[in-house]
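A.B. asks: how does the following fold in three dimensions:
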Amino acid sequence: MVRLTIEKTFQENKLYVEGFCTSQDTKPTSGIVTGSKMTEVDTGDVYLFEEADNPVWHKVAAGWIDPNP
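C.D. replies: Numbering: from 1, shown residues only. Next up is the predicted model:
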């Protein structure tokens with residue numbers, strides 16, 4: 001379950017989405033456009049969505065940075 005989304009109408013039937021979820025949540029794959037963004041709050045991983053024949057979320061950044069290593 002996605003915890004928070006910010007949705008902006010992009011095309012007639014599709015939305016640009018920025019959201020927060022946990023790594024266990026199912027990210028949406030329908031009704032959204034390429035470039036939508038999802039951040040996992042428990043891992044810090046960031047994903048961008050790509051519409052294609054097989055819609056997919058690509059991980060583009062990994063994990064939280066520890067400010068006190």
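
A.B. asks: low-confidence ranges, this protein, go.
C.D. replies: For the chain, applying pLDDT under 70 flags the ranges 1-7, 10-11, 65-69.

A.B. asks: do you have the strands of it handy? List them.
C.D. replies: 4-11, 14-21, 37-40, 46-50, 56-61 (DSSP state E).

A.B. asks: mind checking how far the spatially most central residue of the chain is from Tyr47?
C.D. replies: The centre of the chain sits closest to Met38, judged by CA atoms, centre = their mean, with a distance of 2.0 Å. Look at Met38 and Tyr47: by CB to CB, to the nearest Å, they are 5 Å apart. Bear in mind the C-beta positions are built from the backbone N, C-alpha and C, glycine included.

A.B. asks: so Ile32 bridges to which residues?
C.D. replies: Leu15 (DSSP bridges).

A.B. asks: residue contacts, it?
C.D. replies: Going by CB atoms under 8 Å, 6 or more residues apart in numbering, Ile32 touches 14-17, 49, 51.

A.B. asks: give me the neighbour count for Gly31.
C.D. replies: 12 (other CB atoms under 10 Å).
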